[in-house]
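1. just coords:
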RNA sequence: GCCGGUGUGGCGAAAUGGCAGACGCACGGGACUUAAAAUCCCGGGACCGUAAAAAGUCGUGCGGGUUCGAGUCCCGCCACCGGCACCA
């Protein structure tokens, strides 16, 4: 039996009778919601269908521009799930965790009066469908469509309140025509450093020496945000494609873990580095978790420092090339630079290498080239390198220092060359020790550091005119109390710096750092950096610089199942050079050609090259045969949802500014009565710019989220969208582990299939359990018995509302009669304990405490404790002889976001029994609580003596401190402890606790 | 190594600096039943007690500190999870 099939012959025999007929209720309401289009979200200006519950609540003119003055428009709330890749394996229990959380919040916001946008779609380009196509020849579209059907069925069975009219798939030509369109926007833009933003390529100014059209074109193409570059890229043989930096983890492909090699290739690249600063800065404007922001910051990797030029000694090169530029974050240690290192790939290496060293240098370069990057990082322990025979001049002291090459210096970062300061950089230190290069200390470490790292050393010191030999620890100990020994301690450090087993890389005070023009001595590191940088700039020897680890985004893939580039190639008549040209927008969508074989060509070209008719155009031009990466479609899908059916633009201006929250900012949740109770249940920030809440897994912390922010900023600069950031608040759901506490995987056999859980317990129980397991963000193990727990809870809810005797009748009818399912439910009648009587104060208190807790917890995304609050309510209500309608009704509203099917069913029965028309529970106004009802007349207050709890007193609410103290002194278990003692201090927090301090 | 997060019963977890363990699972006892399941009620951190209780002692990874009072705040460790890692 395939694992994904619902198990009818369940391993656990239907040991228990169903808690309630979820198998009838759930499909019933899913059909009703479908028929009513209950969750359809309306765009501004849209005519609301009469009878739609949203119109019933907010008025049919709710979103029209001509809305009657005085009536406030409902505020928008955009709540988004990361859309899934529809894999053949189907949904696993991890997917619905985030989806359930967002669905609960979407339903909660609807009840609170928001216009909620909650869409779902498919990230449907992707490798598995293509690999399947390579194997079987079946078109990937077919596999993809089958998988989408299965995913849709599974997701719909969970009762999520998506607006399915906005469903999209990245593989749909009507979708990817706009992906291609956005690519053209990127292609036709450049980054203007003066305005710090993307601008149309037409605003580009050409340098004077660009005279011919070919020159202008070359210049223009070198400035585009999408450009072609011949550069070393990660090639994965197994996947048959190149990968972006971000897709390579530990020298292997992120997908599949296949080996990758560095290979120079002509590729499309997007200029994300131009946006590094803004991608970094704007993190401060959005509400993401610290860890997520940190991950993005680390990936961008900003570091501030200086570029410094070192002249090459005795150089025979033309003057322009006779210097080596390095990047350093520690220009203050320039006086301690005792050698230089170039990366083996550095352009100058061959020019400066002396003939004596030439053979060694060549050999080393060959050796390094052979090493994969995996080896280069894995074998990081042992430093290697070769002397070039050449020397550079340290610009601050004129010293001749040797130039080496070593693979610990990366060609791709900074300038590909460093000044080595072994005393203050761990890597340089190791290298200097290994190759016996000089080490010079120019920063004084703190005493603690010296004592920790110099414990093994001996020091010769002068004390009382005598020479003595102390251990370094002794010297430091003396220096700490006697200032006259401090300078000796530093002197020994400077002299014996190589004896310390490590470099001192932190901040301290500069020393040994002076020439006849400038002295850094005595300055703290920060000031020393500023001073030397200013000096270098004044002398034209260097300048302040900022560097990023972020690389430009490698954007092309050698695959079939991706968006084709809307680009063609021509040859320049004059020069014979190939150049690229964008297709006109009217040519979109550009469909991939039909193929029978999806493999790359024999000559290693991408699969698209097989389609000769498609590639070769009548006028001699040829099409680009690379395709876009999977990230392209997911970079902007959240925008397409806003206006998914628009055939003339990717998203209309009105829809964009409404849903992204830049119009109608003044609109707030209708402010009700003035009392604080109502106010406290209003959201403090009704609408935010951008997606209000985005929920998904951490695996997209850098890739998708960085790329999407990048595209969004380009669209923002070009005036296509109205916010600088796409996702205002973002929450990562935690991983769900197997019941063995291990990551779920087929090989471990611990995968839980939602279909099975649904068959046994129903969608509501499944949803409830996923939320009850623990905090959304935490990693937590699955436990099927836990599902039973919440399932029993739903059964108790059911029995609160349904007459038990009628259940027997229902069951009999179910086994005997061949009635349609819907009619079967008619055997059930409302529990006789529910009546339209006024509630007791105790009942009201229980209800209002529940409203308060559930509301506050939903606002804070604490689903687990909200559920436990409802359990407390049900445990109480279970004991009631009569259950007032006015109490039971609001409870169903609280339950509705979590268990919508059950709540709708009971809601409609409750109203039916009292001859009322129910109306959709979805748009019923969220209940508010009255704090006055929560006040107790008497409270229990713990009493401690000397901080130890000894007794509990009952005392009237609002009693003063004196009354508390008196009651506490008289408490039965406290009295004996006070005998013969004096009370030194009394702490009273009225209504909270009393503490008596005795001596 | 660096950055971020997490450590609380048998388990998942709760606790604005103020009665640690709400709620749920598992477990034990009882009611109902011919019986079981389901349901309903009761119990429950550990230790020491006791016929049963009560009382008492100890308890939120470890060690210190602040405070009348610390799971919560501060300092120093340890372990686990996630990310980055020769980025000058």
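-> Ah, there it is. Every value quoted in this text rests on a predicted model; they were computed, and no experiment measured them.
2. Can you give me the neighbour number for the one residue in the stretch 101-250 of chain A that gets nearest to RNA strand B?
-> Of all residues in the stretch 101-250 of chain A, residue A:249 sits closest to RNA strand B, at 6.0 Å by C-beta to the nearest atom of the strand. Every residue, glycine included, has its C-beta placed from N, CA and C. By the criterion of other C-beta atoms under 10 Å, residue A:249 has 12 neighbours.
3. Also residue A:949?
-> Residue A:949 sits with 12 neighbouring residues when counted by other C-beta under 10 Å.
4. And residue A:697, by the same measure?
-> Residue A:697: 16 neighbours (other C-beta under 10 Å).
5. What are the neighbouring residues in contact with residue A:934?
-> For residue A:934, the contacting residues are A:845, A:848-849, A:852, taking C-beta atoms under 8 Å, 6 or more residues apart in numbering as the criterion.
6. ok, now residue A:220?
-> Shown in contact with residue A:220 (C-beta under 8 Å, 6+ apart): A:190, A:201, A:204, A:206.
7. ok, the residue nearest to the second one when sequence neighbours are not counted - how many residues close by?
-> By that I understand residue A:201. In space, and not counting its chain neighbours, residue A:201 is closest to residue A:188: 5.0 Å by C-beta to C-beta, 6 or more residues apart in numbering. Residues within reach of residue A:188, counting by other C-beta under 10 Å, total 17.
8. give the contact list for the residue of the stretch 751-900 of chain A found nearest RNA strand B.
-> The minimum distance from the stretch 751-900 of chain A to RNA strand B, using C-beta to the nearest atom of the strand, falls at residue A:789 (2.6 Å). Listed by C-beta under 8 Å, 6+ apart, the contact set of residue A:789 reads A:769, A:772.
9. Pull out the buried positions in the helix or strand encompassing it.
-> Taking DSSP states H and E as the criterion, residue A:789 maps to helix A:784-801. Judged by neighbour count (16 or more other C-beta atoms under 10 Å), helix A:784-801 contains these buried residues: A:786-788, A:790-791, A:793-795, A:797-801.
10. Name the nearest residue to the residue of the stretch 501-650 of chain A found nearest RNA strand B, ignoring sequence neighbours.
-> Nearest to RNA strand B in the stretch 501-650 of chain A, going by C-beta to the nearest atom of the strand, is residue A:549, at a distance of 3.6 Å. With sequence-adjacent residues excluded and distances taken as C-beta to C-beta, 6+ apart, residue A:549 is closest to residue A:301, at 2.7 Å.
11. Next: residue A:801.
-> Across the structure, with C-beta to C-beta, 6+ apart as the measure, the residue nearest residue A:801 apart from its sequence neighbours is residue A:906 (4.7 Å).
12. For that neighbour, grab the count of nearby residues.
-> Residue crowding around residue A:906 was assessed by other C-beta under 10 Å; the count is 27.
13. now for the helix or strand hosting it, which elements pack on it?
-> When secondary structure is defined by DSSP H and E, residue A:906 falls within helix A:900-913. Packing contacts for helix A:900-913, counted by 3 or more C-beta pairs under 8 Å, 6 or more residues apart in numbering; DSSP states H and E, involve helix A:22-36, helix A:763-772, helix A:784-801, helix A:885-895.
14. what's the following helix or strand after the third one?
-> Once helix A:784-801 ends, the next helix or strand along the chain (criterion: DSSP H and E) is helix A:804-816.
15. Quickly check: that next one near RNA strand B or not.
-> No. Under the criterion of C-beta under 7 Å from any atom of the strand, helix A:804-816 makes no contact with RNA strand B; the nearest approach is 8.4 Å.
16. for RNA strand B, what are the nearby residues on the stretch 451-600 of chain A?
-> For the stretch 451-600 of chain A, the residues in contact with RNA strand B under the definition C-beta under 7 Å from any atom of the strand are A:547, A:549.
17. Helices of the stretch 451-600 of chain A, residue ranges please.
-> Secondary structure of the stretch 451-600 of chain A (DSSP state H, counting those that start in this stretch): helices at A:472-481, A:486-495, A:525-539.
18. still on that earlier bit, return the per-residue confidence for the residue nearest to residue A:801.
-> Predicted confidence (pLDDT) at residue A:906: the value is 95.
19. Also residue A:866?
-> Note for residue A:866: predicted pLDDT of 96.
20. How many neighbouring residues does it have?
-> Residue A:866, neighbours per other C-beta under 10 Å, totals 25.
21. Verify the stated contact: it with residue A:850.
-> No. When contacts are counted by C-beta atoms under 8 Å, residue A:866 is not listed as touching residue A:850 (9.3 Å).
22. so residue A:266 makes contact with residue A:228?
-> Yes. Contact status for residue A:266 versus residue A:228: in contact at 6.2 Å, counting by C-beta under 8 Å.
23. need the contact list for the closest residue to residue A:711 other than its chain neighbours.
-> In space, not counting the residues next to it along the chain, residue A:711 is nearest to residue A:635; the distance is 4.4 Å by C-beta to C-beta, 6+ apart. Going by C-beta under 8 Å, 6+ apart, residue A:635 touches A:179, A:182, A:704, A:707-708, A:710-711.
24. repeat that with 7 Å
-> A:707-708, A:711 (C-beta atoms under 7 Å, 6 or more residues apart in numbering).
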